[in-house]
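[1] Pasting the sequence and the predicted coordinates here, then a few questions.
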Amino acid sequence: MTHEGLGVGRIDNFAIFVDGAIKGELVEIKIIKVSKNYAVGKLMRILKPSESRVNPSCPVFKRCGGCSLQHMDYKAQLNFKTELVRENMKRIGKLDDVIVHDTIGMENFMNYRNKALYPVAAVKGKTVAGFYAKRSHDIIEHDSCDIQDVISTRIKKIVHKFIVENGISAYHESTGEGTIRHIMTRIGFKTGEVMVVLVINADDLPMKVKKRLVEILTEEVLEVKSIYLNINKKITNTILGDTNKLIYGKEAISDFIGNLEFRISPLSFFQVNPVQTEVLYNKALEYAGLTGNETVFDLYCGIGTISLFLSQKAKKVYGVEVVEDAVRDAKENARINGINNVEFFAGKAEEVVPVIYAQGVRADVVAVDPPRKGCDQTLLDTLVEMQPERIVYVSCNPSTLARDLGYLSERGYKAHEAQPVDMFPQTHHVECVTLMSRVKD
């Protein structure tokens, strides 16, 4: 199977990718696309099903782009993710001796997401809200979603109804016209606090519209503590704009990971699965091997989640994050948790770290949690020059993880072990934390 969960068949060693097929199955397909190196087949009939095949609980599973593995039982999903990490380590990273542990799964692997983003559009004169179809920006409507919190579904229905009844136009990607682009929800699982963000292609909404929206949301969903307008007037696929306007309640909601409290604003990066985040961060803390005497760099630190976890056992932690709002939240998170041995910097990690290092600050341990594209090579080269004893690499993309580990392995570091954590059940995505240490001369 591919990294996206597509089945792979071969005829005379010519690869055919089949959406919905599972490894080991005998299927009947119809070829719908042929290129020089591969073909794409449409699944017509399952002649011999896999023992791991199950009936998806979601009625729009085949069309929606959210869940790609719901046709596999959960044990098979975890095995798929473990093998995905192992295969990338060997094929891309050329790392044959890294211990890749079995993926840590969830006991309750539905309704785990604390954040939802619903695109809104006008389709044939009708305003729709839902999720994007596979490999498309066509919107698939749905009554519920198995991986979203039920409160997110309720809010989506309320806001969608409000938009329609008040004649507010939906955004057209092709023309750049229309007002409502997305509905976003953020939920504090342990605090019960909810934030609602309406992404609009305008500078504001009429006062009476905002007032009525606030009344409806706060009356029908008592957990709502914060409501924002996010301004995004650019013709772009980027969901959120840079400007937020608070129209009700608190500037930020909060949630806990372990015993630490975190402030979450509209633009803050916060892991979408808080239950598994605690598992992931505890493993990162274990791999860091801190004794209380170490200086730690946390790069791509977001709102300081890993930084504050590591600060509990470190002498000093320096966090670096490019999103300024997140840095402000990180500083506030340190304050509300009474943590004084952390310092945060706003800027690109590949630009800030060389400056800090040039000023004489050297890390004993470095934690990195980059976006899907992985670490910038300038940053990796700086790490090699700085020579921290250990590097803890947290990644949401096994291929760029393996690439970067391979690069560091050729420059004085050894990757010892990797722990995949299932942060995204029912999907092909997997988070992984890996331990590297400097090879002694």
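    Cool, the structure landed. Residues are numbered from 1 along each chain as shown.
[2] just the strands in the stretch 251-400 of the chain please.
    Using DSSP state E, counting those that start in this stretch, the strands assigned to the stretch 251-400 of the chain run over residues 253-257, 260-264, 295-299, 316-321, 342-346, 365-368, 390-395.
[3] among those, which is nearest L213?
    Counting by Cβ to Cβ, L213 lies closest to strand 253-257 out of these; the figure is 17.8 Å. Every C-beta, even on glycine, is put in place using the N, C-alpha and C of the backbone.
[4] wait, what's in contact with T191?
    T191 is in contact with 253-256, counting by Cβ atoms under 8 Å, 6 or more residues apart in numbering.
[5] If any of those residues are buried, put those into a PyMOL selection.
    This is how PyMOL selects the buried members of the contacts of T191, with burial counted by 16 or more other Cβ atoms under 10 Å:
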select buried, resi 253+254+255
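[6] and which of the contacts of T191 is nearest K36?
    Nearest member of these to K36, counting by Cβ to Cβ, is D255, at 49.1 Å.
[7] what about the closest residue to that closest one other than its chain neighbours, neighbour count?
    Nearest non-adjacent residue to D255, counting by Cβ to Cβ, 6 or more residues apart in numbering: G188, 3.6 Å away. Residues near G188, counting by other Cβ atoms under 10 Å, number 22.
[8] and what of the one 10 residues further on?
    Using other Cβ under 10 Å, the number of residues around L198 comes to 25.
[9] That one belongs to a helix?
    No: per DSSP: H, G, I helix; E, B strand; the rest coil, L198 lies outside any helix segment and is strand.
[10] thought it was touching I183?
    Yes: L198 is within contact range of I183, at 6.3 Å (criterion: Cβ atoms under 8 Å).
[11] Find the residues that touch each one of the two.
    Any residue near both L198 and I183 by Cβ under 8 Å, 6+ apart counts here, and that gives V159.
[12] Run through the bridge partners of S437.
    Note on S437: beta-bridge partners R390, K414, judged by DSSP bridges.
[13] Let me see the contact set for it.
    Residues in contact with S437 (Cβ under 8 Å, 6+ apart) are 389-391, 413-414, 416.
[14] so which of the strands of the stretch 251-400 of the chain comes closest to R135?
    R135 sits nearest to strand 390-395 of all the strands of the stretch 251-400 of the chain, at 23.3 Å, using Cβ to Cβ.
[15] Neighbours of D143, how many?
    Going by other Cβ under 10 Å, the residues that sit close to D143 add up to 9.
[16] Unless I misread the structure, it falls within a strand.
    No: assigned with three-state DSSP, D143 falls outside any strand and is coil.
[17] give me the number of residues near the nearest residue to D102 once chain neighbours are set aside?
    Nearest non-adjacent residue to D102, counting by Cβ to Cβ, 6+ apart: T82, 5.4 Å away. Neighbour count of T82, defined by other Cβ under 10 Å: 20.
[18] go on, the one 4 residues further on?
    Residues near R86, counting by other Cβ under 10 Å, number 18.
[19] now L84
    Neighbourhood size, L84 [other Cβ under 10 Å]: 23.
[20] Three-state assignment for it, please.
    Following three-state DSSP, we place L84 in the helix state.
[21] Correct me if wrong: it contacts P398.
    Yes: here L84 reaches P398: they are 5.6 Å apart, a contact under Cβ under 8 Å.
[22] what is in contact with the two at once?
    The contact sets of L84 and P398 overlap at 3, 430 (Cβ under 8 Å, 6+ apart).
[23] Roughly how far does E343 sit from T305?
    16 Å (Cβ to Cβ, to the nearest Å).
[24] neighbour count winner among these two?
    Neighbours were counted for E343 and for T305 using other Cβ under 10 Å; T305 has more, 27 against 16.
[25] pretty sure that one contacts I257?
    Yes: contact criterion Cβ under 8 Å: T305 and I257 qualify, at 6.2 Å.
[26] by contact count, what packs against the lengthiest strand in the chain?
    Using DSSP state E to define each element, the chain has its longest strand at strand 38-48. Applying 3 or more Cβ pairs under 8 Å, 6 or more residues apart in numbering; DSSP states H and E, one finds that strand 38-48 contacts strand 14-18, strand 26-34.
[27] Do you know the pLDDT at the residue nearest to D102?
    pLDDT for T82: 98.
[28] same thing with D441?
    D441 is given a pLDDT of 66.
[29] for R438, what are its contacts?
    Each residue near R438 by Cβ under 8 Å, 6+ apart is listed here: 387-390, 412-413.
[30] between those residues, which is closest to K75?
    R390 (32.4 Å).
[31] what residues are up against K414?
    Contact analysis of K414 by Cβ under 8 Å, 6+ apart lists 436-437, 439.
[32] Okay, now the unreliable bits of this structure?
    Across the chain, the ranges flagged by pLDDT under 70 are 441.
[33] Please determine how far N397 is located from V361.
    Separation of N397 from V361 (Cβ to Cβ) stands at 29 Å.
[34] scratch that, E294
    Note on E294: its distance to V361, by Cβ to Cβ, is 13 Å.
[35] So between these two, which is more surrounded?
    Shown here are E294 and V361; by other Cβ under 10 Å, E294 has more neighbours (20 against 15).
[36] before we move on, back to that, may I see the strands of the stretch 251-400 of the chain organised as CSV, with distance to R10 added?
    As requested, these are exported to CSV (distance: least, Cβ to Cβ, whole Å):
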stretch, distance to R10
strand 253-257, 44
strand 260-264, 47
strand 295-299, 41
strand 316-321, 45
strand 342-346, 50
strand 365-368, 37
strand 390-395, 30
